[in-house]
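> with the input below, show me the fold.
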Amino acid sequence: MQAKTLLFTIVLLTFAHSAYPYWIWTPQTKKWVNPKSSVKDTPKDQFAAALALYEIKNYDEADREFKKLIKNYPKAAEAAESQYYLGLIQEAKNNLYEAFLAYQKVIDKYPFSQRIQEIIQRQYNIGEIFLSGEKRKLAGLPIPVENPAIEIFAKVVENSNYGPLAAKAEYKLGLVLKELLRYFEAEEAFNKVISSYPNSEWAPLAQYQIAQCRAAVSRGPQYDQGAAGEAKEKFEEFVRDHPDAVLSKEAEANIAKIKLKEAESNYQIASFYEKQKAYQSARIYYQNILDTYSQTEWAKKAEERLKQLEAKK
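Next up is the predicted model:
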């Protein structure tokens, strides 16, 4: 019996010791309250307490205090600022996608916040980090999800409307999609840059990227060269519109590659007709190589075949 009483006393003291810091009696409300879940008397005081924790980099505690402010004072001016700091905390903890989501809540719930432009810039910067290869993580480990840059740049465009970051974000969205080999979606994004922001510095670059997308979907010389022809036209259009651009030299190199592929394709068609003894058709294709692709290696081969066909007459 004495042993049981001693055990009960130990448990009671232990419980009382552990419970004491969490529940206190408040004469004003005549209630027991848990300081950890209680909120300061005013949003200003609550914000100051949360900010103090943030400034000493006690991010977990600061996160909890800012959330308490938002929950208890949702219409206070400090609520918008608290939501902004929740984004900063996630950024500080390198939870970049979570930071993007936290910032978006400021835009969605507090559209009159003075932080909107800064927040859009922060979202754009996060998109750039994911574009450069950063992976979305969970508990510090990469997770197999779509590149968040797609969602982030699309949201930056939406948030910016025709603001200073809109054209840039739309262009970067196209780059992300292009890197993922989603060429038709990428081309759509680049076309939006040209149509929505024609005077933007990003419009000429988008024009070049469209040509690259067309070139990427073109197939080898044994296949139809329709896409390659479209790509060549787009590159030629770029060179014509921006002759002094650095990318024009690269565009000319791409034009030369496409012409080489077209010449090879024509040569293969001519060879096919020759094997079928359709010599007149073969001559037309060989001659076209001489007329159109005279600078390529296939012109000499075509010329040789034409001579041999003439000898057969």
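
> looking at the chain, which helix or strand does the model trust least?
Across the helices and strands of the chain, mean pLDDT, DSSP states H and E gives its lowest value to helix 2-19, namely a mean of 50.

> okay, how far is it across stretch 69-83, tip to tip?
With C-alpha to C-alpha, to the nearest Å applied, stretch 69-83 spans 9 Å between its terminal residues.

> can you list contacts of that stretch?
Defining contact as C-beta atoms under 8 Å, 6 or more residues apart in numbering, one finds that stretch 69-83 is touched by 39, 43-44, 46-47, 50, 66-67, 102, 105-106, 109-110, 112-113, 115. Placement of C-beta: from N, CA and C, glycine included.

> hmm, 10 Å instead?
Here stretch 69-83 makes contact (C-beta atoms under 10 Å, 6 or more residues apart in numbering) with 37-40, 42-51, 62-63, 65-68, 85-86, 102-116, 119.

> stretch 212-220 - what's its average pLDDT?
Mean pLDDT, stretch 212-220: 85.

> who's in contact with that stretch?
With C-beta under 10 Å, 6+ apart as the criterion, stretch 212-220 contacts 174, 177-178, 181-191, 224-235, 238, 247, 250-251, 254-255, 257-258, 261-262, 264-265, 268.

> mind running it again at 6 Å?
For stretch 212-220, the surrounding residues in contact (C-beta atoms under 6 Å, 6 or more residues apart in numbering) are 183, 186-187, 227-228, 230-231, 234.

> so where's the longest helix in the protein?
Criterion DSSP state H: the longest helix present in the chain is helix 246-275.

> now it: buried residues?
247-248, 251, 254-255, 258-267, 269-271, 273-274 (16 or more other C-beta atoms under 10 Å).

> in helices only, show me the contacts of stretch 69-83.
Per DSSP H, those map to helices at 43-51, 62-63, 65-68, 85-86, 102-109, 116, 119.

> and the residues you listed, which of them are buried?
Burial by neighbour count, judged by 16+ other C-beta under 10 Å, picks out 43, 46-47, 49-51, 62-63, 65-66, 68, 85-86, 102-107, 116, 119 from the ones in helices among the contacts of stretch 69-83.

> in the stretch 1-150 of the chain, where is pLDDT below threshold?
Within the stretch 1-150 of the chain, the stretches with pLDDT under 70 are 1-36.

> re earlier: relative to helix 246-275, how tilted is the helix or strand following the longest helix of the chain?
Note on helix 246-275: by DSSP states H and E, the next helix or strand toward the C-terminus is helix 279-292. Relative orientation of helix 279-292 versus helix 246-275 (axes from the mean of the first three to the mean of the last three C-alpha atoms, to 10 degrees): 160 degrees.

> how about exporting helix 279-292 as CSV, limited to the C-alpha atoms?
Backbone C-alpha positions of helix 279-292 (Å, rounded to 0.1, in the frame of the first residue of the first chain) are rendered in CSV as follows:
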residue,chain,number,x,y,z
TYR,A,279,14.5,8.1,-114.4
GLN,A,280,12.7,11.3,-115.3
SER,A,281,11.4,11.7,-111.7
ALA,A,282,14.9,10.9,-110.4
ARG,A,283,16.4,13.6,-112.7
ILE,A,284,13.9,16.2,-111.3
TYR,A,285,15.1,15.6,-107.7
TYR,A,286,18.8,15.4,-108.6
GLN,A,287,18.5,18.7,-110.5
ASN,A,288,16.6,20.3,-107.6
ILE,A,289,19.5,19.4,-105.3
LEU,A,290,21.9,21.2,-107.8
ASP,A,291,19.6,24.2,-108.0
THR,A,292,18.6,24.6,-104.3
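
> which strands or helices does it pack on?
The contact analysis (3 or more C-beta pairs under 6 Å, 6 or more residues apart in numbering; DSSP states H and E) places helix 279-292 against helix 246-275, helix 297-311.

> now distance to residue 79 too, for the ones you listed, in CSV please.
Formatted as CSV, the helices and strands packed on helix 279-292 follow (distance: least, C-beta to C-beta, whole Å):
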stretch, distance to residue 79
helix 246-275, 47
helix 297-311, 70
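
> closest one to residue 97 among those helices?
Distance to residue 97, taken as C-beta to C-beta, is lowest for helix 246-275 among the helices and strands packed on helix 279-292, at 32.4 Å.

> and that closest one, what does it pack against?
Judged by 3+ C-beta pairs under 6 Å, 6+ apart, the packing partners of helix 246-275 are helix 226-241, helix 279-292, helix 297-311.

> who's in contact with the last one?
For helix 297-311, the external contacting residues (C-beta under 6 Å, 6+ apart) are 263-264, 267, 279, 283, 286, 289-290, 293.
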